[in-house]
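**Q** prediction below, plus the sequence it came from.
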Amino acid sequence: MVSVAQLYAADVPGIAFPEGTGLVQVLWCPEPHDLPEPAFQGKECRVLWRRSGGVEHGPGVQPDPWQRWDPEWDEVPMPCTVHPEAVAEYPWWEELPPALRIRLEDSRELMDLYWQESLTGGWKVGGSKSWASSDMPAGMDCPRCGSPLVLLLQVDSYESLPLVSEDPHTYLCTVTGQRVVWGTAECTLAMEPTGFRVDDVADAGIVVCSTDPRHLALYFTQ
């Protein structure tokens, strides 16, 4: 298992932490696994909910995954700092009430607009996951208690950067506020801060039980 994310409740108020906990840690195995239904083939992952006050010392040096896996392996995220930013989102269109889904299905223009504006790409906590590359799987329920599963963490191959209008090859790094030019090392670092590459360059999500997030977490990919 390698570390993927460590988040404090104060930084992600939209996540429902189990009572008595204030820190969540996400780990996964870089190797692909055949996971139990309803998950697709993905990663064996662990989500640990802990008391933030109980973490007094760091884990020290994390075991070097490169000693076991190919140096070209891109399933191990590079260390980086989280910069939380709250954004407004809307559910994936298949999760909308039937009347709204029908309106979108009857209008290609509305559907395209909703796809563009409803969800956020990149790495994010909470919200909804896009299923643009595949149909939304049926039975997105907790294998243990049957409660609906909710997105805890979305992982993505790229972070979307806004284009600078007067230059089609220059982007604005939303973290530093600096302009970066396509093809440079600075641009690559801004667009791929974790170095993680999802299979087929889609996105993936770690989902947890909406009733008790301490139940088994699942990794979904498209």
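**A** Right, received. Where do you want to start? Numbering: from 1, shown residues only.
**Q** from residue 97, how far out is the residue most central in space within the chain?
**A** The structure's the chain has its C-alpha centroid closest to residue 154; by C-alpha atoms, centre = their mean the separation is 1.1 Å. Between residue 154 and residue 97 the distance is 23 Å, computed by C-beta to C-beta, to the nearest Å. Any C-beta I mention is one placed from the backbone N, CA and C, and that applies to glycine too.
**Q** pull the distance from the lengthiest helix in the chain to the chain's centre.
**A** With DSSP state H applied, the helix covering the greatest number of residues in the chain is identified as helix 108-118. Here helix 108-118 is found 21 Å from its chain centre; the criterion is C-alpha atoms, centre = their mean, to the nearest Å.
**Q** buried stuff in stretch 214-222?
**A** Within stretch 214-222, the residues that count as buried by 16 or more other C-beta atoms under 10 Å are 215, 217-222.
**Q** turn those into JSON lines, columns for pLDDT.
**A** Compiled in JSON lines, these are given as follows (pLDDT from 0 to 100):
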{"residue": "215", "pLDDT": "95"}
{"residue": "217", "pLDDT": "92"}
{"residue": "218", "pLDDT": "88"}
{"residue": "219", "pLDDT": "86"}
{"residue": "220", "pLDDT": "81"}
{"residue": "221", "pLDDT": "77"}
{"residue": "222", "pLDDT": "66"}
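**Q** out of these, flag the one nearest to residue 10.
**A** residue 217 (21.7 Å; C-beta to C-beta).
**Q** what's near enough to touch the closest one?
**A** Counting by C-beta atoms under 8 Å, 6 or more residues apart in numbering, residue 217 touches 45-47, 152, 206-208.
**Q** which strands and helices lie in contact with the longest strand anywhere in the chain?
**A** Within the chain, and with DSSP state E defining each element, the longest strand by residue count is strand 23-33. Counting contacts by 3 or more C-beta pairs under 8 Å, 6 or more residues apart in numbering; DSSP states H and E, the secondary-structure elements packed against strand 23-33 are strand 2-8, strand 42-50, strand 149-156.
**Q** just name the most buried of the ones you listed.
**A** The highest mean neighbour count among those, using mean count of other C-beta atoms under 10 Å, belongs to strand 149-156: a mean of 22.
**Q** next SSE downstream of it?
**A** Reading on from strand 149-156 to the C-terminus, the next helix or strand found by DSSP states H and E is strand 170-172.
**Q** now for that following strand, which elements pack on it?
**A** For strand 170-172, the contact count by 3+ C-beta pairs under 8 Å, 6+ apart identifies strand 179-181, helix 185-191 as packing neighbours.
**Q** is it true that residue 160 touches residue 122?
**A** Yes. Using C-beta atoms under 8 Å, residue 160 makes contact with residue 122 at a distance of 5.9 Å.
**Q** the two - which one has more neighbours?
**A** residue 122 (17 against 11; other C-beta atoms under 10 Å).
**Q** which residue comes closest to that one once chain neighbours are left out?
**A** Nearest-residue entry for residue 122: residue 159, 4.2 Å, with adjacent residues in sequence omitted and distances by C-beta to C-beta, 6 or more residues apart in numbering.
**Q** neighbours of that neighbour, how many?
**A** 17.
**Q** who's in contact with it?
**A** 121-123, 174, 190-193.
**Q** return the item of those residues having minimum pLDDT.
**A** Comparing pLDDT over these, the lowest score belongs to residue 174 (74).
**Q** am I right that that one is in a strand?
**A** No. The secondary structure assignment for residue 174 gives coil rather than a strand, going by DSSP: H, G, I helix; E, B strand; the rest coil.
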